[in-house]
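Trainee: Provided below are the primary sequence and the corresponding predicted coordinates.
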Amino acid sequence: MKGGDNMKIRKGFTLIELLVVIAIIGILSTLAVVALQNARLKSRDAKRVSDIKQIQTAMELYFAEANSYPASGAAARVLGEDNNLCLDASGFNATCAGTTDAIFMGQVPLNPTPNGADYSYTASEATGVAVPCLGTQASSCADYEITFTLEGTTGSLVADDYIATKDGIKVAPAPVVP
């Protein structure tokens, strides 16, 4: 070998080459994680909007049958938990198993976690009146509100607190601070 007697044949990678490859992999991994988190947020919000629309449909079916919305009692009900897992002709119940009543929603959905707020249901005796409907014989529940929260933008809805009523979905009014 002329002029190359002192040159060695290299095998493998240099430390600089390895560090560059590791840095590129780290950057790509970070971008993938950020994109995945954003996709999860949008997925949870899309599920929330879908859940609320399904509940609204079940409420209208209930109203068509009973000429009233289900009573909420004195306090708001957290939908999808405890005694509010099913909506049948007698209102929200823990289970629809064994009932001969019409079932409007066999499984009331829960707010997807993490983040957001529980779906909260309150019936009222008159449209736009904040008097809770107890469901006594003397009163009929003429309206309802379901509150929910979005984390980000979904369709035309931005991140905010919302109220779903028989008339649609609107932004919840800001709480009054005394």
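Mentor: It's in.

Trainee: Now do the strands in this protein.
Mentor: For the chain, the strands identified by DSSP state E occupy 77-78, 86-88, 91-93, 103-105, 120-124, 143-149, 161-165, 168-171, in order along the chain.

Trainee: give the contact list for the most centrally placed residue in the chain.
Mentor: Here the mean C-alpha position of the chain is nearest to the C-alpha of R48 (Cα atoms, centre = their mean), at a distance of 2.7 Å. By Cβ atoms under 8 Å, 6 or more residues apart in numbering, the contact list for R48 reads N111, P112, G116, F148, T149, L150, T154. C-beta coordinates here come from the backbone N, C-alpha and C atoms, glycine included.

Trainee: can you rerun that using 10 Å?
Mentor: Contacts for R48 (Cβ atoms under 10 Å, 6 or more residues apart in numbering) come out as 109, 111-112, 116-117, 119, 148-151, 154, 157, 162.

Trainee: Just want to check the distance between it and Y162.
Mentor: From R48 over to Y162 the distance is 9 Å, taken as Cβ to Cβ, to the nearest Å.

Trainee: Now do the shared contacts for the two.
Mentor: Counting by Cβ under 10 Å, 6+ apart, the residues touching both R48 and Y162 are F148, T149, L150.

Trainee: Surely the second one and G116 touch.
Mentor: Yes. Here T149 reaches G116: they are 4.8 Å apart, a contact under Cβ atoms under 10 Å.

Trainee: Overlap of the contact sets of these two?
Mentor: D45, R48, D161.

Trainee: And for the residue nearest to the first one when sequence neighbours are not counted, the neighbour number?
Mentor: Translated: D45. Closest residue to D45 in three dimensions, ignoring its sequence neighbours and counting by Cβ to Cβ, 6 or more residues apart in numbering: T154, at 4.1 Å. Summarising burial for T154: neighbours were counted as other Cβ atoms under 10 Å, giving 19.

Trainee: what's the answer for V177, then?
Mentor: Taking other Cβ under 10 Å as the criterion, the count of residues near V177 is 4.

Trainee: got any ranges where this structure has weak pLDDT?
Mentor: Judged by pLDDT under 70, the chain has its weakly predicted residues at 1-7, 128, 130, 136-139, 178.

Trainee: can I get the contacts of R48 in TSV with distance to D101?
Mentor: Rendered in TSV, the data for these read as follows (distance: Cβ to Cβ, whole Å):
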residue	distance to D101
P109	20
N111	26
P112	29
G116	31
A117	30
Y119	22
F148	27
T149	32
L150	33
E151	36
T154	34
L157	34
Y162	30
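
Trainee: Compare these and tell me which is most surrounded.
Mentor: The most crowded member of the contacts of R48, judged by other Cβ under 10 Å, is Y119 (25 neighbours).

Trainee: Before I go, just wanted to say thanks for your time.
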